[in-house]
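>>> one predicted model, sequence on top.
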Amino acid sequence: MLLLLIAVPLIILAGVAHSILQAYAPSNVLIRHVRAARSTVRMAIGLGGLAFGCALAVQEIDRAIGAGAPSWLNLVVLVLAWDAIKFTVMACLTSLESAVERIRIITVGLAHPWFRGTRRAKGVERIAGSSRAAPRRPVTGVSNVAADTRRFPARGVLWPTTVPEERGWGPIATHSAIEWTEVTWNPVTGCDRVAAGCDNCYALTLAKRLKAMGAEKYQNDGDPRTSGPGFGVTLHPSSLDQPYRWRSPKVVFVNSMSDLFHAKVPLDFIRDIFDVMRETPQHTYQVLTKRAHRMARVADKLDWPDNLWMGVSVESLEVVDRIDHLRATPAATRFLSCEPLLTALPGLDLEQIDWVIAGGESGPHARPMDPEWVENIRDQCLRADVAFFFKQWGGRTPKANGRELDGRTWDDMPALAAGA
C-alpha cells in the first residue's frame, strides 16, 4: 500500500509532463528525451508490479506452509521484494526529475528566437545517386549546419548558437567556429573516406550525432565501410537560395559537411552551386576538396566565379599531387589546407598558390603534429610571399593547445571579395 501511495502520484505527474512536452516541445532533441522518460516510467510500472507480486508471494508462502516455512526462502523472497520496491521508487523519482528538467528547458527556452516558429523548407531534398525524393516536412530538427553549438542551461542539451532562416525568423547565417571562415553553407551533406586525412573525420562523427538528434539533413546513411550513420551523400536543393537572403557580406565555407567534388554529386548540381556564388558577388566562398582529380577533370565544364577560393587538402606527402590539380583550375584564388598535418611537407611548390592553412588534428584519437613541420611550412610561405594561416596545435579539443606559433598568431588571408 505504501508503494502504491508513492509510485502512483509520481507516475501520474510524469505522464502529465510527458503530455505537456509532446504538445510544446520545439525540437526532436526534447522529444527523444521525452521518449526516454516515458520508457523509464513504463519500466517503473513493470517493476512495481514485480515488487507487488513478490510481496503477495511472501504472504501466500506464509499462509501455505505456516511457521514451518524455511527461513532462507522467506529471506530470499523478502530481499527480492525489497530490491524491486527500491528500484521502482528510484525509477519513478528519476522520471519525475527528467520531466521537471524538460519543463524548465521549455520555460527558459521560449524566450529564445529559435522557438518563434517553423515553416516548410523550399524544394525537395534528394539523395545523391537516387531518384527517390525525400518528403517535404516541417523543419523541426537542429540547425542544418550545426558545427558550432553551445550548451543551453540544461544538462547535456545542445542548441545552435545561431539559427538559419529555415527556422522562419529571418535570413541569418549559421556561424562557424572555424577560425578562417565566418559561416558555413551545406547544399550537400555526407561523404566517404578516401585518404589518411579522413581517418578521424569530424563531420562523420557529427553527422552520427545529428542523425540521432533528428536533424532533417542527416537521415541518409552512408556505406559503413567508408561513411556512417547520417553521412550518406545527399543533395539539398532547398538550401541553394540561402546566400541570397543573408543581410550582409559573408565569408562562406561551402560544404563543411561534405565534398563538393564527390563522385555522387552531379555536375549539374555543382553548376547550380557555382551559379549561386556568381550571383552573390558580395560574399566570398571557400571550397575545399580531397577529390582533386575530379575537380581538375570537370574544371573546364564550370563557369568559375571570381569570388570563389578553391582549395585542396594536403595533409601528407602522399597527396601533394593535389596541388598540381588545383593549379590546373581557373580559380581566381587557390589555397592549401594542411590540416590535419600528418607528415612534414618539405619543398612545396607554391607557384600560383595564394594561401596556406596549417593545423594539427583534434579529437580523442588525434595524431600528434611535430612543431617543426608547421615552422617549415610557415617559412616556405614567407619565402614565396604566400599568406599563411595557423589554425591550431590540436589535441583532445581544437582549443586544447592554443594556436600561437613562435609567440604570435598567424592569421594572414587573401583579399576578400568586394563588400565582404
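Yes, it's here. Residues are numbered from 1 along each chain as shown.

>>> outline the domain layout of this structure.
The chain breaks down by automatic domain parsing into domains covering 2-111, 126-392.

>>> mean pLDDT lowest where, among those?
Mean pLDDT is lowest for domain 2-111 among those, at a mean of 59.

>>> all helices for the protein, in order.
Taking DSSP state H, the helices of the chain run over residues 2-24, 28-65, 71-109, 202-212, 267-278, 292-298, 321-327, 371-384.

>>> which other helices and strands contact the fifth one?
Helix 267-278 sits against no helix or strand, with contacts defined as 3 or more Cβ pairs under 8 Å, 6 or more residues apart in numbering; DSSP states H and E. Glycine gets a C-beta too; all of them are placed from N, C-alpha and C.

>>> how about it: buried residues?
269-270, 273-274, 276-277 (16 or more other Cβ atoms under 10 Å).

>>> CA atoms of it as PDB?
Once non-C-alpha atoms are left out, helix 267-278 reads as follows in PDB (Å, rounded to 0.1, in the frame of the first residue of the first chain):
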ATOM      1  CA  LEU A 267      27.900  18.100 -62.400                       C
ATOM      2  CA  ASP A 268      24.600  20.000 -62.900                       C
ATOM      3  CA  PHE A 269      24.300  20.400 -59.100                       C
ATOM      4  CA  ILE A 270      27.800  21.700 -58.900                       C
ATOM      5  CA  ARG A 271      26.900  24.200 -61.600                       C
ATOM      6  CA  ASP A 272      23.900  25.300 -59.600                       C
ATOM      7  CA  ILE A 273      26.100  26.000 -56.600                       C
ATOM      8  CA  PHE A 274      28.600  27.900 -58.800                       C
ATOM      9  CA  ASP A 275      25.700  30.000 -60.200                       C
ATOM     10  CA  VAL A 276      24.700  31.000 -56.700                       C
ATOM     11  CA  MET A 277      28.200  32.100 -55.900                       C
ATOM     12  CA  ARG A 278      28.400  34.100 -59.100                       C
END
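
>>> pick the one among the buried residues of helix 267-278 closest to residue 257.
For the buried residues of helix 267-278, the residue nearest residue 257 by Cβ to Cβ is residue 273; the value is 14.0 Å.

>>> how near is the closest one to residue 280?
Counting by Cβ to Cβ, to the nearest Å, the gap from residue 273 to residue 280 is 11 Å.

>>> what does stretch 287-306 rub up against?
Applying Cβ atoms under 8 Å, 6 or more residues apart in numbering, the external contacts of stretch 287-306 come out as 194-195, 197-198, 253-255, 259-263, 267, 270-271, 274-275, 277-278, 281, 285, 308-313, 319, 321-322, 325-326, 328-332, 337, 417.

>>> and with 6 Å instead?
194-195, 254, 259-261, 267, 274, 277-278, 310-313, 322, 325, 328-332, 337 (Cβ atoms under 6 Å, 6 or more residues apart in numbering).

>>> give me the buried positions along stretch 392-404.
392-395, 398, 403.

>>> now, which of these lie within strands?
residue 392 (DSSP state E).

>>> can you lay out the buried residues of stretch 392-404 as CSV showing distance to residue 228?
Output for those, formatted as CSV (distance: Cβ to Cβ, whole Å):
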residue, distance to residue 228
392, 24
393, 27
394, 22
395, 24
398, 21
403, 29
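
>>> of all the buried residues of stretch 392-404, which two lie farthest apart?
Maximum pairwise distance among the buried residues of stretch 392-404 (Cβ to Cβ): 11.2 Å, between 395 and 403.

>>> what's the span of stretch 290-306 from first residue to last?
21 Å (Cα to Cα, to the nearest Å).

>>> buried set for stretch 198-206?
Buried residues in stretch 198-206, defined by neighbour count with 16+ other Cβ under 10 Å: 198, 200-201, 203-204, 206.

>>> CSV please, covering those residues and showing distance to residue 387.
Formatted as CSV, these follow (distance: Cβ to Cβ, whole Å):
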residue, distance to residue 387
198, 26
200, 27
201, 26
203, 25
204, 30
206, 28
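
>>> closest to residue 229 among those?
For the buried residues of stretch 198-206, the residue nearest residue 229 by Cβ to Cβ is residue 204; the value is 9.0 Å.

>>> distance of that closest one from residue 251?
To residue 251, residue 204 is 25 Å away according to Cβ to Cβ.

>>> what do you get for residue 330?
Computed with Cβ to Cβ, the distance linking residue 330 and residue 251 is 21 Å.

>>> now do residue 392
From residue 392 across to residue 251, the span is 18 Å (Cβ to Cβ).

>>> okay then, goodbye and thanks.
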